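Chemist: Only the shape, not the letters, is given here:
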């Protein structure tokens, strides 16, 4: 006998559903409690499915809500449903998938896929065959409902469908879906394409077997009048471009023609999907060849897509002249920030640090509409195409640009400024002749009366900062800086944000060129402190931190410190320990402390103490959570799943605090001694170095190295415990952790001297393995070479026997490093090891010669060491052999060695 609801129970459930639609929070709380009570009854879920599928007298929103509550129950504790209840729900779903209401059909579809994704695809064998069968139904609602459910299952369980676990149902499903590409209903055609699209990226075998039919069917739909169908066709072609370009190449000309049309589709969802095609094509090797003939059509289309749409302008209040900087931000305006942990790098010949290793995409301007839209996609496509075609793009662009940049309509002019910014990277060479006259025009746009023009001008100017800094300062740098600083104090929040970001980019490019203007810059940034709302304050911290990184010790002047520190410390005191705004402030202070060096002394004690407290608190939370994890009851998850009683601690607090402690140790040097002495930082560090989270370990090792340099007496008693941990972290799976551990070992060597002996065996083999590993990133190779050299410097007898195993990669990885202390100690080490084991270097002596020649001004005693080794080798092999040997040298090396060392 089929289950039937009890009338009184049904009324209770209906009342609950009515109440849960009330906006009142007290009512909502009561609903939550009631739900938890009702969940104690096994057949409560029967009532929910009954309301959804059978109670046609109720209104649709109530029935749908009943289904969604049931879905949450399935998600939270389906495994506890009695078999009878589970079977009843499954039966009801399949019997009612053709409900006349689209809302109810969709809700049942969601319920089906939720049950399927709880591992039920295996234990519900009739589900897929039955849904596929229902596709043949004469009844439109049944066909559409089944397709809707299948589409959701394909989205949620695509991997499982293509596995042996289910006997590969795709072999039947894919050909079946392809038949429906020709269906008379656009909704059904659209479902069919969407289902197949789920399997392109994973290259499901069943789809690959039918690939030609699929592509032909897509071409047949090219002229479809339904926009959802056109969107799915475009999406399919974009994905096929990534995985089966071989199949598209024969038709590439007509596909490009089709996509040119679709990129101008009146429906923005279609034009956006089509525009992705150009982004994807730009990454393919055939891009240049395939697109060359079409640029003349494509460029104007992309440029046209870069204008703000009418809806954007309304949402961004582009036509309302408004000063909104007194309006507080709402919390959802603020995107979560992620802290980037410290990584230790070395300086290279011809420039600071490593360029380009962590290029974060300078995102376009309109972040508040952070949804991906046609404007952003067109700009991104133009940017990548500029990088492919370089200056060949300009003949198609320049004629358009002139008309745009000086256009009377601000929307058009704004898009022109965006175009100019988008091509900055790829077409820089070709743009140089035009920049002297364009710069003043762009700087003038910073004063435009439209806020959106002012903000995009900030971004575009930042893209040309490198060029600006290369010109005499008075020509462009000074006017640009003056205007940007005014924009930092703009009355519009979006302009403030764009100006602050642009200024940070300018600071990175200009570095010490900014020193003469420091007073003026600081006045502006400090004034902004009092003016900014929450979101832009976070960007302001970044601009201040970048300034400190860029001008370094030049910031250490009493007048600058008096301007800058009081507002920073006031913020620091105002923020609570659990406030996420501490992240950017701690990062900023870390840069400031490193730059100010002893100028930071008056502020260091409270800052240091708080960092230690943050680390301690986070570790304590992690401990508490670990102890409680195994005793927790399974709480009943309802609408909003309640957070676990003990939330995972946010380890970012600890990471940022460790990084600021590193900044203090680096900036204050020996002055940090007293602070370390009065705290338990070494005990905390011992725990952090063993944390499960790689970023925590990465920052711990950076701090260990900085403390080793600043106050080794406090570190030394812990070395016996620390060294084994450092040894186990020499694992190149975690590049940055491994890098910082390697660097710290090198710093410890220099302090321990000969006492390093018992620990060499804990680390040497791993280091030699890393330096010989293919594809090891440059920074890690350099740090590994320095540390091997330093180990050899303090313990030559222990390390020298392995010389032959690492000398060649050692020499090649250090030849591009600037002369500095680290390089000096490493080369002394290698010389001492050659003294112990000269045979180890014989086979690779040319590499050693090359590395020696990379020194510009070695200290005298190091020069003597090089001299002795080179002449010793020459005397050993004899004049004639040396002549033959040095014939292999490149001319530059030959000259350098002969001039500096007389060989």
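Modeler: That came in fine, so what should we check first? No experiment lies behind these values; they were computed from the predicted model shown. Numbers count the residues shown, from 1 in each chain.
Chemist: roughly how far is the lowest-mean-pLDDT helix or strand in the chain from the heart of the chain?
Modeler: Within the chain, no helix or strand scores below helix 121-123, which has a mean of 79 by mean pLDDT, DSSP states H and E. Between the centre of helix 121-123 and the centre of its host chain there is 37 Å, according to C-alpha atoms, centre = their mean, to the nearest Å.
Chemist: So which residues make contact with the host helix or strand of residue 240?
Modeler: Using DSSP states H and E, the secondary-structure element containing residue 240 is helix 227-243. With contact meaning C-beta atoms under 8 Å, 6 or more residues apart in numbering, helix 227-243 is reached by 186-187, 189-190, 193-194, 196-197, 200-201, 203, 214-215, 218, 221-222, 224, 247-248, 255, 258-259, 262, 265, 267, 269-270, 273-274, 276-277, 280-281, 284. For the C-beta atoms, the positions are set from N, CA and C on the backbone; glycine is no exception.
Chemist: That one: how far from the chain's middle?
Modeler: 26 Å.
Chemist: One more: stretch 537-557?
Modeler: 23 Å.
Chemist: can you map out the helices along the stretch 201-350 of the chain?
Modeler: 205-209, 211-220, 227-243, 245-248, 252-262, 268-282, 287-291, 295-305, 310-315 (DSSP state H, counting those that start in this stretch).
Chemist: Kindly reformat these as a markdown table containing distance to residue 27 and mean pLDDT.
Modeler: As requested, the helices of the stretch 201-350 of the chain are exported to a markdown table (distance: least, C-beta to C-beta, whole Å; pLDDT from 0 to 100):
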| stretch | distance to residue 27 | mean pLDDT |
| --- | --- | --- |
| helix 205-209 | 49 | 94 |
| helix 211-220 | 51 | 95 |
| helix 227-243 | 38 | 96 |
| helix 245-248 | 56 | 94 |
| helix 252-262 | 48 | 96 |
| helix 268-282 | 38 | 96 |
| helix 287-291 | 58 | 95 |
| helix 295-305 | 47 | 97 |
| helix 310-315 | 33 | 86 |
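Chemist: Of all those, which one is nearest residue 670?
Modeler: helix 268-282 (52.9 Å; C-beta to C-beta).
Chemist: Tell me the helices and strands packed up against that closest one.
Modeler: helix 227-243, helix 252-262, helix 287-291, helix 295-305, helix 374-389 (3 or more C-beta pairs under 8 Å, 6 or more residues apart in numbering; DSSP states H and E).
Chemist: In the stretch 351-500 of the chain, where is pLDDT below threshold?
Modeler: Residues of the stretch 351-500 of the chain meeting the criterion pLDDT under 70: 351-370.
Chemist: what about the helices in it?
Modeler: Under DSSP H, counting those that start in this stretch, the stretch 351-500 of the chain gives helices at 374-389, 394-405, 410-422, 428-431, 435-445, 451-463, 465-470, 477-488, 493-510.
Chemist: Save those helices as TSV, and put in distance to residue 584 and mean neighbour count too.
Modeler: Below are those laid out as TSV (distance: least, C-beta to C-beta, whole Å; neighbours: other C-beta atoms under 10 Å):
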stretch	distance to residue 584	mean neighbour count
helix 374-389	25	22
helix 394-405	35	16
helix 410-422	25	24
helix 428-431	31	16
helix 435-445	29	16
helix 451-463	19	26
helix 465-470	22	18
helix 477-488	16	20
helix 493-510	12	25
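Chemist: The ones you listed: which one's closest to residue 345?
Modeler: Here helix 493-510 is closest among the helices of the stretch 351-500 of the chain (C-beta to C-beta), at 15.3 Å.
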